[in-house]
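**Student:** predicted model follows, preceded by the sequence.
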Amino acid sequence: MTEAKKAYIKTYGCQQNLSDSEKISGVLSDMGYLLTPETDEADIIILNTCAVRESAEKKILGHIGALKPLKQKNPDLMIAVGGCMVQQPNIAEIIEKKYPYVDILFSTNSIDKLSSLIDSFQETGKRQFDSLTSDICFEGIPVKRVSGYRALLPIMYGCDNFCSYCAVPNVRGRERSRTVKNVVSEFESIVNAGYKEIMLLGQNVNSYGKNLEEDVDFSHLLRKLNDVDGDFRIRFMTSHPKDADIKLFETIRDCEKVSRCIHLPFQSGSSRILSKMNRSYSREDYLKLIDDARRIIDDVVFTSDVIVGFPGETEEEFLETLDLIKKVGFYSLFTFIYSRRYNTEAALLPDNTDRKGKVERLERLVALQNGITDKYNEKLVGTIQRGVVTEQIYTETYEVRIDNNAVVVADGKAEIGQFCKLEVAEIRKRRIYGRILDF
Ligand code: SAH
Ligand code: SF4
């Protein structure tokens, strides 16, 4: 009996990349590959890359460099690099010239061609590069999901917003939505497979439907999905403030299966910086949206993304960001230091804050947010929460993800992948502990 071929897949970056990797695994699994967590025993190593920040790119190039000895030891090993980073012509060129042992380059838009790229490489021994491809809206690619409780479901691909700092529209191409029929059909199969959390994915989910012939929008889609039979929770990521409105908030209010935790990236608290970022909303617009949502949806919670050190950001403008964070009271934040990206508008702006100054701003911001998160968590003590059991830590201790996306370490009887009810008991060293009431 011949041994099964093995594939090692490493994913960098966001949920969309994780979702792409689930397709890559699906394709390889159909080709007879088993997944391995060890590079040493792999027949093919695939790196699925990210282009959002320069630091990620440097790290990934370092990892590609570290694969050279493996290839020398095992010349039959195939190395494939795909995803956002290689969709930038400058990086594709670097890999082509400096890393001759990379055999295959593929893009987020050529995952459906991966098996033929592998076959062609094996037949000809010639490097296969397919990284600068046109936009595609994938249907029918096999998906091998990583998580047993949370299913990632792309409802659209690409982005048309061209925020001035961002590499995504250049690398992932123009925004295109999947049809309602295709989304609902995949959603139903996910629910039937027993998943309790379904994460709808897109760079800007609330502009869903713009390219479709049918007259539909994100609210319409949410209502359709909420009507599907079964016990599950719907999350979505990411929504853009310029496309969020009262209609969306009323939809969330009316749809009992949609999470009350909304991820709404604000990026900066200064209207001048927001305009330089090309975000199409002001600080006042953002604060008004938060007020609208709080008026319409009971117990709504916000999480967000923020960038510090955008070119030209003054101390006063940074203080406006801190002030917005205090005013809104986010549950948690993804925080980023501005990173200059190839072929973006902001890359041309003069930048007079040094790296040290930016790191210092980030530290102040994180300290402020930690205090807000701590206060929020204190308020959770004594409340009853519903969550999905994600992991078993000890015999009768589990990790449970509650609606605001926080993880509670809870004692009691439960079953992985199922909902349970718990009472939040205490906060210790910034971790939330609880008791499971029933499941
Ligand atoms: N489409 C989503 C997010 C995509 S990228 C949205 O618009 O919200 C995820 C986050 O990375 C962004 O929200 C932003 O905060 C951050 N980001 C993107 N480009 C960046 C850059 N050049 N430097 C620093 N952070 C960046
Ligand atoms: Fe990038 Fe802006 Fe598109 Fe988000 S909305 S992916 S930040 S361009």
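**Tutor:** Right, received. Where do you want to start? Ligands and ions are numbered 1, 2, ... in the order given.
**Student:** can you count the residues close to Ile24?
**Tutor:** Ile24 is flanked by 24 other residues according to other C-beta atoms under 10 Å. C-beta here means a position set from N, CA and C on the backbone, and glycine is covered the same way.
**Student:** for the protein, which helix is longest?
**Tutor:** With residue count as the measure and DSSP state H as the assignment, the chain has helix 355-380 as its longest helix.
**Student:** report the buried residues of that one.
**Tutor:** The neighbour-count check on helix 355-380 (16 or more other C-beta atoms under 10 Å) flags 358, 361-362, 365, 368-369, 372-373, 376-377, 380 as buried.
**Student:** could you dump the residues you listed to CSV with distance to Ser29 and pLDDT?
**Tutor:** Below are these laid out as CSV (distance: C-beta to C-beta, whole Å; pLDDT from 0 to 100):
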residue, distance to Ser29, pLDDT
Lys358, 43, 96
Arg361, 45, 98
Leu362, 40, 98
Leu365, 42, 98
Leu368, 45, 98
Gln369, 40, 98
Ile372, 43, 98
Thr373, 39, 97
Tyr376, 41, 96
Asn377, 40, 96
Leu380, 40, 97
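**Student:** for Lys6, give me the pLDDT.
**Tutor:** Lys6 carries a pLDDT value of 97.
**Student:** contacting residues for the closest residue to it other than its chain neighbours?
**Tutor:** With sequence-adjacent residues excluded and distances taken as C-beta to C-beta, 6 or more residues apart in numbering, Lys6 is closest to Thr36, at 4.2 Å. Listed by C-beta atoms under 8 Å, 6 or more residues apart in numbering, the contact set of Thr36 reads 6-8, 42.
**Student:** restricted to strands, list these.
**Tutor:** 6-8 (DSSP state E).
**Student:** so what touches stretch 424-439?
**Tutor:** Stretch 424-439 is contacted from outside by 370, 373-374, 377-378, 380-385, 389, 398, 400, 406-415, 418-423, using C-beta under 8 Å, 6+ apart.
**Student:** now do the end-to-end distance for that stretch.
**Tutor:** 15 Å (C-alpha to C-alpha, to the nearest Å).
**Student:** next: stretch 348-357.
**Tutor:** End-to-end distance for stretch 348-357, by C-alpha to C-alpha: 20 Å.
**Student:** mind listing what's buried in it?
**Tutor:** Neighbour counts over stretch 348-357 (16+ other C-beta under 10 Å) mark Thr353 as buried.
**Student:** now that stretch: mean pLDDT?
**Tutor:** 92.
**Student:** strands along the stretch 201-350 of the chain, start to end?
**Tutor:** Using DSSP state E, counting those that start in this stretch, the strands of the stretch 201-350 of the chain run over 233-237, 261-263, 301-308, 332-337.
**Student:** hang on, Leu153 packs against Glu197?
**Tutor:** No - here Leu153 does not reach Glu197: they are 10.4 Å apart, not a contact under C-beta atoms under 8 Å.
**Student:** so Leu437: helix, strand or coil?
**Tutor:** Using DSSP: H, G, I helix; E, B strand; the rest coil, the structure places Leu437 in strand.
**Student:** domain-wise, how is this structure divided?
**Tutor:** Residue ranges for the domains of the chain, per automatic domain parsing: 5-130, 150-378, 381-438.
**Student:** circling back to that earlier point, would you turn the strands of the stretch 201-350 of the chain into JSON lines with distance to Arg172?
**Tutor:** Output for the strands of the stretch 201-350 of the chain, formatted as JSON lines (distance: least, C-beta to C-beta, whole Å):
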{"stretch": "strand 233-237", "distance to Arg172": "15"}
{"stretch": "strand 261-263", "distance to Arg172": "19"}
{"stretch": "strand 301-308", "distance to Arg172": "17"}
{"stretch": "strand 332-337", "distance to Arg172": "18"}
